[in-house]
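S.K.: Whatever this is, show me its structure:
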Amino acid sequence: MKKSECRYNRRYILLALLCSIFMIVDAQVVTVNKMSAVKPGSKINLVIDFSKATIMGMNETEFSNYEKDWKKDQPTIIGRFRKGVNSKLNDMLNVGAYPSSDYTMKVTVKTISDMGNVYCDAVIVDKSGTVIFSVNDVKGGSEPPILPGSKLARIKAWSYLTGRSLSGILKSEYLAQ
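M.R.: Okay, here's the model as predicted:
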């Protein structure tokens, strides 16, 4: 092997190691998992709270003043998140608008980035308020440097991706029980 090939191989190995470290550091953290209490096919009510979120550098009130359709588009954003959550669950669990359900998933949006990526924490509680499942720092994935479209269009796209990311976590934790 030539010296120049060895130099490039070392660079690729170093790059791969750095990427692995960033993926580990950036991982979502499951803090409670008692999903075995939830029967297959159970309906889980979804509640999303944007009130404490920093949305593209603004609080929710400032963002709704800046982006006039924010309140009107919230049901669509929540719907896309719900669709993302259900995307990998394959009817093991059904997350949606089920206010009389025995379980509630409370999603607290912490930040929505300039690209629209939604960062949140999620907790599933039973009717008595006991935490069944908790995960911190869920996000839609790595952001591209540029994403076309309006701010709301980007938030809608990333809300689905964040829901899908949460879906993968729920599925793996549910199956691990």
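S.K.: can you pull the buried residues of the helix ranked longest in the chain?
M.R.: As assigned by DSSP state H, the longest helix anywhere in the chain is helix 151-176. Residues of helix 151-176 classed as buried: 151-152, 154-171, 173-174 (neighbour count, 16 or more other C-beta atoms under 10 Å). Using the backbone N, CA and C atoms, a C-beta is placed for each residue, glycine as well.
S.K.: now stretch 39-57
M.R.: Of all the residues in stretch 39-57, those buried under the rule 16+ other C-beta under 10 Å are 42, 44-46, 48, 50, 53-56.
S.K.: Make a markdown table out of these and add distance to residue 74 and pLDDT.
M.R.: Putting these into a markdown table (distance: C-beta to C-beta, whole Å; pLDDT from 0 to 100) gives the following:
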| residue | distance to residue 74 | pLDDT |
| --- | --- | --- |
| 42 | 26 | 95 |
| 44 | 20 | 97 |
| 45 | 17 | 98 |
| 46 | 13 | 98 |
| 48 | 8 | 97 |
| 50 | 7 | 96 |
| 53 | 12 | 96 |
| 54 | 16 | 97 |
| 55 | 11 | 97 |
| 56 | 15 | 95 |
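S.K.: quick one: which of those is nearest residue 139?
M.R.: Relative to residue 139, the closest of the buried residues of stretch 39-57 is residue 53; by C-beta to C-beta it sits at 13.0 Å.
S.K.: ok, the closest one touching residue 64?
M.R.: No - assessed by C-beta atoms under 8 Å, residue 53 is found out of contact with residue 64, at 11.3 Å.
S.K.: How many neighbouring residues does residue 83 have?
M.R.: When neighbours are counted by other C-beta atoms under 10 Å, residue 83 registers 16.
S.K.: wait, it sits on residue 163?
M.R.: Yes - counting by C-beta under 8 Å, residue 83 does reach residue 163; the two are 6.7 Å apart.
S.K.: quick one, helices of the protein?
M.R.: Residue ranges of the helices in the chain, as given by DSSP H, are 3-25, 60-66, 70-86, 151-176.
S.K.: List the buried residues of the second one.
M.R.: Think helix 60-66. 60, 63-64.
S.K.: low-scoring pLDDT stretches of this protein, where are they?
M.R.: 1-28, 144-146 (pLDDT under 70).
S.K.: again, 50 this time
M.R.: 14-25 (pLDDT under 50).
S.K.: okay, stretch 46-62 in CSV with CA atoms only?
M.R.: C-alpha atoms of stretch 46-62 as CSV (Å, rounded to 0.1, in the frame of the first residue of the first chain):
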residue,chain,number,x,y,z
LEU,A,46,-51.3,12.3,22.6
VAL,A,47,-50.9,15.8,24.2
ILE,A,48,-48.2,18.1,22.8
ASP,A,49,-47.1,21.2,24.7
PHE,A,50,-45.4,24.0,22.8
SER,A,51,-45.8,26.6,25.6
LYS,A,52,-42.2,26.4,26.9
ALA,A,53,-40.6,25.9,23.5
THR,A,54,-38.0,28.2,21.9
ILE,A,55,-39.2,28.3,18.3
MET,A,56,-36.5,29.5,15.9
GLY,A,57,-35.1,31.7,18.6
MET,A,58,-38.4,33.0,19.8
ASN,A,59,-40.9,32.0,22.5
GLU,A,60,-44.3,30.7,21.3
THR,A,61,-46.0,34.1,21.7
GLU,A,62,-43.3,35.9,19.7
